[in-house]
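**Student:** sequence first, predicted coordinates after that:
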Amino acid sequence: MLSLLIVPGEYVVAQNNLPPIYEIRTDTIPTAYLESRYWQMLPDAKGKWTINDVTRSPLSENFYSRIAPPNNGDTITHTYWFRYRLKSLMNSEAKIAIHAHFEEDSIFVIYPDGRRDQFLTGDFVAWHKKDGLKANNQIPLVLEPAEEIMVYDRGKNHVAGIPENFSVDVASTEKIHQDYVRNTENGGSFFSVPEMENAFLVGVLLIPFFLNLFFFRITKEKEYLYFSLFVILLAITRLLNPVATYWYWRDRSLEPYVGYFNICWILIPFFLVQFIRNFFKTYHDYPRWDKLILTLAILAGLILLTFELMEPSWALSGTKHLVTRQMIFINDIVDALGNLSIALTFAKYRGRKNLFMNLVIIGGLPLMLFWALEISMEGFVRMGIMQNFISQSQYFILEILCIIWFVLLFTLVLLKRFNRLRIENAQQALDKERLAKEKETERALLIEHQKTELAKTVEERTFELKRSLEDLKSTQAQLIQSEKMASLGELTAGIAHEIQNPLNFVNNFSELNKELITEMNHEIESGNFEAVKNIGKDIEENEEKINVHGRRADGIVKSMLQHSRASSGKKEPTDINALCDEYFRLAYHGLRAKDKTFNATMKTEYDPTIGKVNVMAQDIGRVILNLITNAFYSVTEKKRSGKEAYEPTVSISTKKTDDKIEIKVTDNGNGIPQKVLDKIFQPFFTTKPTGQGTGLGLSLSYDIIKSHGGELKVNTREKEFAEFTILLPP
């Protein structure tokens, strides 16, 4: 409660157009209703006016009596202000209570001395925010003898308009307090007996809901799912309704939203019918009857949905109804026919020798007949017939008993069906196990037979593979030897060209010495010894030249013999620069010996800081010779393609880095196509025409470099260049 002391004159209530004073002569009458002339109202269309606004002019003069409302004044507004005056004519204190009639009421009590009290109550106000007697939505007041007060009540509803039977009333606080204490504070139960039974029913319904979901998860049979949905929707309709929410939580603030759960009533008949159809298989036995009960269920749901759209169930009872009694009666008749059709379905299957069907019939038949009878009687009651035939509480108790009976028997059906299913599953498991053992035995025999056949096949294939492997090794050895011989042939041609030069010198100087000896003999006979001495010096010089060129030829022959022999496998200090230069020249002269038209620019760039490196000279020489020969071949092919202004160039360079010895062989020939770049180091792969290469040169070179702990890399661009790089450890 908010109490304010108002400065005199600041909140003076306008004295014009005020309602007459309602005189309180006794406070023992439970409820005293004020005639409409004793109270006035003022619609607040936007709901934003305050107590200060309505107690001042011009709003204060706009209050009017309910007997002469403006057009549409009671049907388009959610918020209204009411005012009335009370005066006690009792000789003692008058203990009264002001009753709130809206979802939210802000009550302002103004006393003659300017003091103002403010209270908050109403159906949809949270319990902890309410003032006064919370359960009754009433504000108790005490008036002294001859005391007069002005009451302003700001009422707000979720639904627009004021109920047609709206009235202002004043209750006796003593009477209210006696009931309130008896029911809420002095050990009395806060719940009414029907609500306790309703809560018990909700708890009972939750058991079959979870049980049916559990069995549906195991069996995957739809009737369990439909029944679980039917049960949970039924529980929701019992738990979530305006009356239940208030009694369970003592708070109607959720009541506008709870009304939307009435959609459950639309789905309940549908899922119930679906359960019946799937349990009894009516769509197989009675297809026409099956369509009828499904149509009635859908029709009942559509009618109820139409009612909800026309007038939500949570609308205040005093508003102007869009749904007529005749329409409600039609809905009741459709619902009754739907439940009666389900009862007749039970009757169709009554004589069958099926324990589960009979239990469901025994459990569901009373509930269906009760609902059909109940709905029909409610319709007649609303039409003014059979008004006092049976009370609402009796309806409620009978319905709960029928529902519990149905749930218990169907739960029994579930347990029996599950037990039978468990036995069937166990038998199926045994049959599967026996069948699996039989299949395992057959499979073992089949595997044993297949093993024997496979062993025989493997033995035959192994013999063929061994023979193929021997043939392959022989062919490989021949190919490798062929590659070596091809390399040796190219080397021999170069060596022959190199030997020819020193042999020419030896022959020439030998002939010259022969002539000089003849001349020397002639001079001796002539006695010219001075000339003899000069001729002897010339012979001696020629002999030295013969010796030099002879040793040169001898070295070339030894190199040829060393290259033709197999590698010793031992690494020796080798001058890499000299090795590269020697094989560079030998490869060039070898190609010149085969083709006199061949010509190319030879470039060398040797790093003098390399020194000697521990390698197998014969093997490294073969690699260098192979790379240079391939380079000369590439530039020769490009030259033959007739490209103008093309100068064949092959270069070799050496370089020493921190941890590697680098040898590069570069040419400006045709390069290597990108699509075959990954295959060039594979054995027997070659880009040369058939008969001109074995495809082992680069493969053997790659293996030789790997055996030295090095790398062989290639960088190329088709039609432009190719560069092979040898990386050796220092």
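**Tutor:** Great, that's in hand.
**Student:** was I right to think F63 contacts W81?
**Tutor:** Yes. Judged on Cβ atoms under 8 Å, F63 makes contact with W81 at a distance of 7.4 Å. The C-beta positions use only the backbone N, C-alpha and C, and glycine is treated the same way.
**Student:** which one of the two has more residues nearby?
**Tutor:** Counted by other Cβ atoms under 10 Å, F63 and W81 do not tie: W81 has more neighbours, with 23 against 19.
**Student:** list the contacts of that one.
**Tutor:** By Cβ atoms under 8 Å, 6 or more residues apart in numbering, the residues touching W81 are M41, L42, D44, W49, V54, F63, Y152, D153, R154, G155.
**Student:** which of the residues you listed fall within strands?
**Tutor:** Among the contacts of W81, the ones falling in strands (DSSP state E) are M41, L42, D44, Y152, D153, R154, G155.
**Student:** before we move on, back to that, and the contacts of W81, which two are the farthest apart?
**Tutor:** Maximum pairwise distance in these, criterion Cβ to Cβ, is 13.8 Å, between F63 and G155.
**Student:** rewinding a little: are any of the contacts of W81 buried, and which?
**Tutor:** Buried by 16 or more other Cβ atoms under 10 Å: M41, L42, D44, V54, F63, Y152, D153, R154, G155, out of the contacts of W81.
**Student:** make a markdown table out of those and add distance to H101 and pLDDT.
**Tutor:** Shown next, in a markdown table, are the buried ones among the contacts of W81 (distance: Cβ to Cβ, whole Å; pLDDT from 0 to 100):
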| residue | distance to H101 | pLDDT |
| --- | --- | --- |
| M41 | 12 | 90 |
| L42 | 16 | 90 |
| D44 | 16 | 90 |
| V54 | 18 | 92 |
| F63 | 17 | 91 |
| Y152 | 14 | 95 |
| D153 | 8 | 94 |
| R154 | 12 | 94 |
| G155 | 7 | 91 |
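**Student:** quick one: which of these is nearest D581?
**Tutor:** Of all the buried ones among the contacts of W81, D44 has the smallest distance to D581: 111.9 Å, by Cβ to Cβ.
**Student:** contacting residues for the closest one?
**Tutor:** Residues near D44 by Cβ under 8 Å, 6+ apart: T77, T79, Y80, W81, R154.
**Student:** relative to E459, how far out is E448?
**Tutor:** Distance of E448 to E459, given as Cβ to Cβ, to the nearest Å: 17 Å.
**Student:** re the thing from before, the contacts of D44 in strands, which ones?
**Tutor:** Residues of the contacts of D44 located in strands (DSSP E): T79, Y80, W81, R154.
**Student:** related to what we said a few turns ago, what is in contact with F63 and W81 at once?
**Tutor:** Taking Cβ under 8 Å, 6+ apart as the contact criterion, the residues that touch both F63 and W81 are M41, L42, V54.
**Student:** would you map out the domains in the protein?
**Tutor:** 2-185, 193-419, 491-552, 573-728 (automatic domain parsing).
**Student:** quick one: closest of those domains to L472.
**Tutor:** Closest to L472 of those is domain 573-728 (Cβ to Cβ; 11.0 Å).
**Student:** compute the first-to-last residue distance for that closest one.
**Tutor:** Start-to-end span of domain 573-728 (Cα to Cα, to the nearest Å) is 13 Å.
**Student:** can you pull the buried residues of stretch 156-163?
**Tutor:** Quick answer for stretch 156-163 (16+ other Cβ under 10 Å): K156, N157, H158, A160, G161, I162, P163.
**Student:** now distance to A171 and pLDDT too, for these, in TSV please.
**Tutor:** Below are these laid out as TSV (distance: Cβ to Cβ, whole Å; pLDDT from 0 to 100):
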residue	distance to A171	pLDDT
K156	21	89
N157	21	83
H158	25	76
A160	27	70
G161	25	72
I162	20	76
P163	18	66
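**Student:** closest to N599 out of those?
**Tutor:** Looking across the buried residues of stretch 156-163 and measuring by Cβ to Cβ, the closest to N599 is H158, at 106.8 Å.
**Student:** where does that closest one sit: helix, strand or coil?
**Tutor:** coil (DSSP: H, G, I helix; E, B strand; the rest coil).
**Student:** residue contacts, M520?
**Tutor:** Here M520 is in contact with V532, I535, G536, I539 (Cβ under 8 Å, 6+ apart).
**Student:** by neighbour count, which of those residues wins?
**Tutor:** Highest neighbour count within those: I535, with 22 neighbours (other Cβ under 10 Å).
**Student:** secondary structure element holding that residue?
**Tutor:** helix 529-564 (DSSP states H and E).
**Student:** using CSV, lay out the contacts of W81 together with distance to F406.
**Tutor:** Shown next, in CSV, are the contacts of W81 (distance: Cβ to Cβ, whole Å):
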residue, distance to F406
M41, 51
L42, 54
D44, 51
W49, 55
V54, 57
F63, 57
Y152, 54
D153, 48
R154, 49
G155, 44
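**Student:** Y64: neighbour count?
**Tutor:** Neighbours of Y64 under the rule other Cβ under 10 Å: 16.
**Student:** in the sheet, who's paired with the nearest residue to it once chain neighbours are set aside?
**Tutor:** Spatial nearest neighbour of Y64, chain neighbours left out: Q40 (6.0 Å); criterion: Cβ to Cβ, 6 or more residues apart in numbering. Per DSSP bridges, the residues bridged to Q40 are S65, R83.
**Student:** same deal with E148?
**Tutor:** Per DSSP bridges, the residues bridged to E148 are K87.
**Student:** wait, what's in contact with it?
**Tutor:** I21, R85, L86, K87, S88, P112.
**Student:** where along the stretch 451-600 of the chain do the strands fall?
**Tutor:** For the stretch 451-600 of the chain, the strands defined by DSSP state E, counting those that start in this stretch cover 572-575.
**Student:** with the stretch 301-450 of the chain instead?
**Tutor:** For the stretch 301-450 of the chain, no strands are identified by DSSP E, counting those that start in this stretch.
**Student:** now the stretch 151-300 of the chain
**Tutor:** For the stretch 151-300 of the chain, the strands defined by DSSP E, counting those that start in this stretch cover 168-172.
**Student:** shaky segments in it?
**Tutor:** Low-confidence segments of the stretch 151-300 of the chain (pLDDT under 70): 163-165, 175-198, 240-262.
**Student:** so what's V204 up against?
**Tutor:** By Cβ under 8 Å, 6+ apart, V204 lies in contact with I404, V407.
**Student:** mind doing that once more with 6 Å?
**Tutor:** Contacts for V204 (Cβ atoms under 6 Å, 6 or more residues apart in numbering) come out as I404.
**Student:** and it, how far is that from V407?
**Tutor:** Counting by Cβ to Cβ, the gap from V204 to V407 is 6 Å.
**Student:** burial of the closest residue to L421 other than its chain neighbours, as a residue count?
**Tutor:** Leaving out its chain neighbours, the residue that sits closest to L421 by Cβ to Cβ, 6+ apart is T219, at 6.3 Å. Using other Cβ under 10 Å, T219 has 16 neighbouring residues.
**Student:** downstream of the lowest-mean-pLDDT helix or strand in the chain, the next helix or strand is which one?
**Tutor:** Using mean pLDDT, DSSP states H and E, strand 2-4 stands out as the lowest-scoring helix or strand of the chain, at a mean of 37. Proceeding N to C from strand 2-4, the next assigned helix or strand is strand 21-24, under DSSP H and E.
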